[in-house]
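*Asks:* Dropping the sequence and predicted coords here.
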Amino acid sequence: MPTVAEQLIDVLVQSGVRRIYGVVGDSLNPVVDAVRRSGGSDRGGIDWIHVRNEEAGAFAAAAEAQLTGTLAVCAGSCGPGNLHLLQGVYDAHRSGAPVLAIASHIPSAQIGTGFFQETHPERLFADCSHYCEMVSSPEQMPRLARIAVQNAVGRRGAAVLVLPGDVSHESAAHPTGESWSLPSPPAVVPAAADVDRLVERLNRAGKVMIMAGAGCRDAHADVLALADALGAPVGHSLRGKEFVQYDNPFDVGMSGLLGYGACYEAMHEADLVLLLGTDFPYDTFLPQRNTVQVDIDAARIGRRSVLEFGVLGDVGATIRAVLPRLDRRGDRSFLDAMLRKHERGLQRTVDAYTKDVTQQVPLHPEYVADLLDEEAAEDAVFTVDTGMGNVWAARYLTPNGRRRILGSFVHGSMANALPHAIGAQAAAPGRQVVAMCGDGGLAMLLGELLTLKTHALPVKAVVFNNSSLGMVKLEMLVDGLPDFGTDHDQVDFAALAQAAGLHSRRVEKPADVRDGLREILAHDGPALLDVVTDPNALSIPPNITASQVRGFALAASRTVLGGGVGKMLQLAKSNLRNIPRP
């Protein structure tokens, strides 16, 4: 009979898993040995991806799951290994990524005795998983493994299997058998009464605005058809950007702390705001009136905004149900006005950022992001660090329906870009993966550069090196506080990467940025571009309160505010071409 650990690996293979991210050791060793004996993915088994921190392993699994839509797995040893794992599992769960975490445990006879490295993982992971159970005996396998997989995939989030090391060593009590194929997610059609109500409300509204999120992932054509029928401007959340913005003649940008364009104005001037597949968290940016929400998850309906009513259903299925019954708008004046506002707003910020930017030192980070957008592949996967990196990605990366943008957009963890890139690259070895790293985030999990080298993962890391925690500095300025504790010593990350065995280059002058990007993107293997950028280049939201303005007046002296929006201006100008001139 196989061991319990081998049985677990067999279940994972049957579930389509091809790799596990983690750090070997202690109670996890039987599982790692079972991975070794599986023969690797080339022989129908599983690969072990050795990371330098279990947190990075969980981030990597989350990125793989989000990129592929299938189950990904990470693992941590007992005690400290589980605690390191916890942070990344939280991120995976809040991102809705189907991830199974194997949390090994101390010997079962020692549980409750205060044994060496003892924690209680079934309690630790309960808050960041749909399912968290401990395998106490071989008789519970393979049933618990399959239930854990089904929870992660079926409920879109993390599941945790706690496995004491001694139980992993024991012989299996039951045959493994064969797993049934995991089903495809259903397209939830709203109730007929909800469709009737939505049709009536949309037909009655004079000015409709659509706010679209990641729930529109498979409904791009449907959203645009709805906007066309209603003459509605379309804004988006950060997570919705890659699925909604491309080929969109109704685009008015993004709202929120990283926002730009006319999205905020369109929401607040509309007679009806239609929230489609978005759990946009910043309720102060929402009008809190004249709002209807469509979502596939009932728990999300109404938790951010006061609603007239909510509709439970898949975004695409809901739109297809209402579209034939809508009164097509002849009056498109609201849409046209918002598109003009959008273009004018972008023009002002772009003008501010582009003035002499190619001559300015320290480098503007906007300029770096703009050129990266031009030089990266048309199907590149971008992973983005939390902080100012989110701003530059939101405003400069141009989606096209093939690119992907991954980040810690819900949990907001630092240091996610590089480990996310590890998982994305492992899952898509032939695809260009670019990690947009902040220097603060990279420093936090710097050891993962060694993971790139160990596994020959050709990730391209672009470091926005401003020797500062830029987003924290911005937060202090908004509150009227002088920035304190945000700046730190300059670090030559190119030298560190070279010492780790990676190809690297450091850039300090604007004239060298494009050549530097081309060099690292073309390199056959992992590479890092260390770009020294202006620590005072910050970006503020398109709409801030009077108290926040006063805070800036008190605290900011030479801070560069606003920031440009890259290709967004060109897109906005294109959308104006078919609008009649006033």
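*Replies:* Yep, that arrived.
*Asks:* centroid residue for this protein?
*Replies:* With distances taken as Cα atoms, centre = their mean, the residue of the chain nearest its centroid is residue 407 (2.9 Å).
*Asks:* Just list whatever residues bridge to the closest residue to it other than its chain neighbours.
*Replies:* Distances taken as Cβ to Cβ, 6 or more residues apart in numbering place residue 384 nearest to residue 407, at 4.0 Å, with adjacent residues excluded. Every C-beta, even on glycine, is put in place using the N, C-alpha and C of the backbone. With DSSP bridges as the criterion, residue 384 is bridged to residue 407, residue 436.
*Asks:* List the contacts of the residue lying closest to residue 19 once chain neighbours are set aside.
*Replies:* For residue 19, ignoring the flanking residues on the chain, the nearest one in space by Cβ to Cβ, 6+ apart is residue 47 at 4.3 Å. The contact partners of residue 47, taken as Cβ atoms under 8 Å, 6 or more residues apart in numbering, are 18, 19, 20, 35, 40, 41.
*Asks:* Look at residue 47 and report its pLDDT.
*Replies:* On the pLDDT scale, residue 47 is placed at 98.
*Asks:* for residue 497, helix, strand, or coil?
*Replies:* Three-state call for residue 497 (DSSP: H, G, I helix; E, B strand; the rest coil): helix.
*Asks:* okay but it is in contact with residue 528, surely?
*Replies:* Yes. Contact status for residue 497 versus residue 528: in contact at 4.0 Å, counting by Cβ atoms under 8 Å.
*Asks:* between these two, what contacts are shared?
*Replies:* In contact with both residue 497 and residue 528: 449, 461, 503, 504, using Cβ under 8 Å, 6+ apart.
*Asks:* Excluding covalently adjacent residues, which one is nearest to the first one?
*Replies:* Spatially, and ignoring its direct neighbours in sequence, residue 449 is nearest to residue 500 (4.6 Å; Cβ to Cβ, 6+ apart).
*Asks:* what's the burial count for that neighbour?
*Replies:* 19 (other Cβ atoms under 10 Å).
*Asks:* now swap in residue 178 and tell me
*Replies:* 9.
*Asks:* pLDDT at it, what is it?
*Replies:* On pLDDT, residue 178 comes in at 89.
*Asks:* my guess is it meets residue 13, correct?
*Replies:* No. At 11.1 Å, residue 178 does not count as touching residue 13 under the criterion of Cβ under 8 Å.
*Asks:* roughly how far is stretch 24-37 from the heart of the chain?
*Replies:* Relative to its parent chain, stretch 24-37 has a centroid offset of 30 Å by Cα atoms, centre = their mean, to the nearest Å.
*Asks:* in the stretch 151-300 of the chain, which spans are helices?
*Replies:* Here the stretch 151-300 of the chain has its helices, by DSSP state H, counting those that start in this stretch, at 165-169, 192-204, 220-230, 241-244, 263-269.
*Asks:* again with the stretch 1-150 of the chain
*Replies:* Assigned by DSSP H, counting those that start in this stretch, the helices in the stretch 1-150 of the chain fall at 4-14, 29-38, 54-68, 80-94, 121-124, 143-154.
*Asks:* any chance of the ones you listed in TSV, plus mean pLDDT, mean neighbour count and distance to residue 305?
*Replies:* Listed next are the helices of the stretch 1-150 of the chain as TSV, based on pLDDT from 0 to 100; neighbours: other Cβ atoms under 10 Å; distance: least, Cβ to Cβ, whole Å:
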stretch	mean pLDDT	mean neighbour count	distance to residue 305
helix 4-14	97	24	40
helix 29-38	97	20	45
helix 54-68	98	30	26
helix 80-94	97	25	20
helix 121-124	95	18	33
helix 143-154	96	21	28
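*Asks:* Output those as CSV; include the columns distance to residue 319.
*Replies:* CSV is the format used below for these (distance: least, Cβ to Cβ, whole Å):
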stretch, distance to residue 319
helix 4-14, 36
helix 29-38, 44
helix 54-68, 24
helix 80-94, 27
helix 121-124, 41
helix 143-154, 25
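*Asks:* Ok, which of those helices comes nearest residue 317?
*Replies:* helix 143-154 (18.6 Å; Cβ to Cβ).
*Asks:* Go ahead and confirm residue 404 touches residue 69.
*Replies:* No. With contact defined as Cβ under 8 Å, residue 404 does not count as touching residue 69 (11.3 Å).
*Asks:* if I pick residue 170, what's in contact with it?
*Replies:* Residue 170 makes contact with 3, 4, 138, according to Cβ under 8 Å, 6+ apart.
*Asks:* same thing with residue 407?
*Replies:* Applying Cβ under 8 Å, 6+ apart, we find residue 407 in contact with 238, 383, 384, 385, 386, 389, 390, 393, 416, 417, 420.
*Asks:* Same check on residue 226?
*Replies:* 210, 232, 319, 322, 323, 326.
*Asks:* now residue 310
*Replies:* Counting by Cβ under 8 Å, 6+ apart, residue 310 makes contact with 292, 293, 294, 295, 298, 301, 302.
*Asks:* give me the low-pLDDT residue ranges for the stretch 301-450 of the chain?
*Replies:* Applying pLDDT under 70 to the stretch 301-450 of the chain picks out residues 348-357.
*Asks:* let's see it at 80
*Replies:* For the stretch 301-450 of the chain, the stretches flagged by pLDDT under 80 are 345-360.
*Asks:* That one: strands as residue ranges?
*Replies:* Secondary structure of the stretch 301-450 of the chain (DSSP state E, counting those that start in this stretch): strands at 309-312, 381-384, 404-407, 433-438.
*Asks:* I'd like to check what contacts the longest one. Which residues are they?
*Replies:* Among residues not part of strand 433-438, those counted as contacts by Cβ under 8 Å, 6+ apart are 369, 372, 376, 380-389, 392-393, 414, 417-418, 420-421, 424-425, 458-464, 466, 470, 521.
*Asks:* From residue 302, how far out is residue 286?
*Replies:* Noted for residue 286: a distance of 12 Å to residue 302, by Cβ to Cβ, to the nearest Å.
*Asks:* Now for the closest residue to residue 165 other than its chain neighbours, how many residues are close by?
*Replies:* Excluding the flanking residues, the one nearest residue 165 by Cβ to Cβ, 6+ apart is residue 27, at 3.1 Å. By other Cβ under 10 Å, 25 other residues sit near residue 27.
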